[in-house]
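Novice: Here is a sequence together with a model predicted from it:
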Amino acid sequence: MKKLDRHSLIYWTGFAVIMAVLIVAPLVLPPFWRRFLTEVLIWGLLAMSSDLLIGYTGMVSFGHSAFFGLGMYGAAGALIAFAPNLWLAILFGLAGAAGAALFVAYFSTRLRDIYFAITTLIFSQIFYVIIFTWTKVTGGENGLIFTRPHLTFAWLYDARFNPTTLHWFVLTVVTASYLFLRRVTQSPFGMVLQSIRENEARTRAIGFPVERYKIMSVMLSGIFAGLAGVLYAVQNEFAAPNFVYFITSGDTVIFNVMGGIGTLVGPIIGAGFFQLLRELMSRIFGDQFPYLIPLGVVFIAMIIFLPQGLLGFARRWLNK
Amino acid sequence: MHALVGYFHDIPVDLILIQTVNGIVTGMILALVASGLTLIFGIMDVVNFAHGELFMLGAFVGVIVMVATGNFWLSLLASFLVIAVLGAALQIVVLRPLIGRDPLNTILVTFGLSLILQNFALWQFGPDSRRLAAPITGHFILFYLDYPWYRLVIAVMSGAIIGGFWLFLKYNRFGVWIRATTQDRVMAQAMGIPVPWVLTGVFALGAGMAAASGVLFAPLGGVDYNMGLDWVLRAFIVVVVGGMGSLGGSVVAAIFISLLESYASIWVNPSQAVIVSFVVLILTLLFKPTGLFATPK
């Protein structure tokens, strides 16, 4: 076994401490904040999936709501059409998101930079229009409502979710996704992605099929965004067209910029920071307060003065 | 095959013609929105995500001035000026610090601006749609329809603004500065052109054009805080299809896409007709990703 050096010792200790806190949290937090934390983890997973594109491949996606939404509707469809089964819902959600991601990736990776950003946005609107108007299948404006499936492990375990087990389930999925994505970004494949970010022409000149790598990274990112959508659907027992709308994609980008792109954990911090500010403002100034105005100002100020985001200072260290 | 011919045969020619006129009218407004967007992009390398919000705020300023004075043309002018000043202020505060950074930063910052402006409008003006009376209420008979003259006036006005703008770029001294800045920013600076102020002026001009199109459109569809995204999306499609930075390309693409959408809405409802422009976008990306009328650099 490889000897643990100083860096990985600190890293894994920190990881274990944070995990321990997150595992214990639902047992001590009041119901509102327990739910809040679970949702932050789900939004964090969505933002983390988009970080693979923004922070590592260097492509800003403004269309992650499509993958998130297809994950949601895929899961909802499976739960309504068949006997409610958690794993089947996840499978269908991921398949939906992967299909959408393949479609978006095939066309929009032909373009770079801002053109990529704009086309992903437009593609996500296509999915929104389809979902919004195809009332017979998607329920249109009302969305789909279903009952939450049980947590099952083959024939060994079968129980209703309670808020605590739901939180643990979400935490497990998010952590596993984080470890997987971290491994991906450190793999030779991930190195090629970062090389595309740094210098696309040179990467192509070395002989890597850049287009294929880009399509792969959009799909990988889309699948994890879909996983976040499945989790959100399972948590809230509905799928609604609002979540396929552009706002979700915009929030995803904000979480990334606030937390620090290219760090994977940063976007989760960003999601937490954003939701916390929003919650605090609506508590202090009331429900009607246009919280997005001050949050927008914070967002712009961070791009100008703190482009690395909250965790940017630790970027190099976190990726080691 | 025979059934197909029969199906198309059943569509009356007059319906097609009415939809052609409708398509050209919305196409001209769209061209005005898109030319502001493509101007800002072509010259400043800034993708202005907040363009739809400037369009929306322009329409609101138009409504306010209209309520105060009752004069439509005055509100058009006032809206142009107010939003141009707002645009200049926004450019100085948030875009100027980003000069020289990756253009992706500008899309993020203008996205933040659009959030702020949209929520400001929701907060100030509420969720209800406002109406703005058309300055010309006359009709003429187009087949069986009473077709309002105002729609044609919009098309002509938009065309006049775009045309005037083109002449301005071509012959006015400031217009020449703008073109010089597009071609070579460093050289323009060396020749004594105040480049940072040219960029501010361009953003103000583009913002003013968005505001003017907002006021022109307002009598057709009403004014609400949410109207911006729809327009900015279609304007993005137009500039990608027409070729970013190409003024003529945006005008042609805007009319082309609006015509297709308006024909499509004979068969499907208008919210689904948007899909047609998405299909045009996809085909463009497949066969000519730089846009149909891009000028080679």
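Specialist: Done, it's in.
Novice: Can you give me the neighbour number for residue A:146?
Specialist: 19 (other Cβ atoms under 10 Å in any protein chain shown). Yep, even glycine has a C-beta here, placed from its N, CA and C like the rest.
Novice: meant to ask about residue A:91
Specialist: Neighbourhood size, residue A:91 [other Cβ under 10 Å]: 15.
Novice: And residue A:5, by the same measure?
Specialist: Neighbours around residue A:5, by other Cβ under 10 Å: 10.
Novice: now the one 4 residues further on
Specialist: Close neighbours of residue A:9, defined as other Cβ under 10 Å, add up to 10.
Novice: Could you measure from it over to residue A:15?
Specialist: To residue A:15, residue A:9 is 11 Å away according to Cβ to Cβ, to the nearest Å.
Novice: quick one: which helix or strand includes the nearest residue to residue A:272 once chain neighbours are set aside?
Specialist: Sequence neighbours aside, residue A:40 is the residue nearest to residue A:272 in space, at 4.6 Å (criterion: Cβ to Cβ, 6 or more residues apart in numbering or on different chains). Element membership for residue A:40, per DSSP states H and E: helix A:31-51.
Novice: Please name every helix or strand in contact with that helix.
Specialist: Here helix A:31-51 touches helix A:6-28, helix A:64-81, helix A:163-186, helix A:210-236, helix A:246-259, helix A:265-285, going by 3 or more Cβ pairs under 8 Å, 6 or more residues apart in numbering or on different chains; DSSP states H and E.
Novice: What lies in contact with the very next helix or strand once past the fourth one?
Specialist: Secondary structure here is assigned by DSSP H and E; on that basis, the next helix or strand after helix A:210-236 toward the C-terminus is strand A:238-239. When contacts are taken as Cβ atoms under 8 Å, 6 or more residues apart in numbering or on different chains, the neighbours of strand A:238-239 outside the stretch itself are A:69, A:72, A:73, A:75, A:76, A:138, A:139, A:143, A:144, A:145, A:146, A:233.
Novice: Tell me the strands beside strand A:238-239, with direction?
Specialist: strand A:144-145 (antiparallel) (DSSP bridges).
Novice: for the record, mean pLDDT for the partner strand?
Specialist: For strand A:144-145, the mean pLDDT works out to 82.
Novice: Name the next helix or strand following that strand along the chain.
Specialist: strand A:151-153.
Novice: Run the chain-centre distance for that next one.
Specialist: Strand A:151-153 sits 23 Å away from the centroid of its parent chain (Cα atoms, centre = their mean, to the nearest Å).
Novice: Could you list the buried residues of it?
Specialist: Under the neighbour-count criterion of 16 or more other Cβ atoms under 10 Å in any protein chain shown, strand A:151-153 has residue A:151 buried.
Novice: Any regions of the chain where pLDDT drops low?
Specialist: With no chain named, the answer covers chain A. A:1-4 (pLDDT under 70).
Novice: Correction: the question concerned chain B.
Specialist: For chain B, the ranges with pLDDT under 70 are B:1-11, B:294-297.
Novice: Need the single longest helix in it, by residues.
Specialist: Identified as the longest helix of chain B according to DSSP state H is helix B:13-44.
Novice: Residue B:210: neighbouring residues, count only.
Specialist: So residue B:210, with other Cβ under 10 Å, has 36 neighbours.
Novice: and the helix or strand harbouring it, which residues are buried?
Specialist: Using DSSP H and E, residue B:210 falls within helix B:195-221. For helix B:195-221, burial by neighbour count (16+ other Cβ under 10 Å) applies to B:195, B:198-219.
Novice: Could you do stretch B:272-292 as well?
Specialist: Within stretch B:272-292, judged by 16+ other Cβ under 10 Å, the buried ones are B:272-278, B:280-282, B:284-285, B:289-292.
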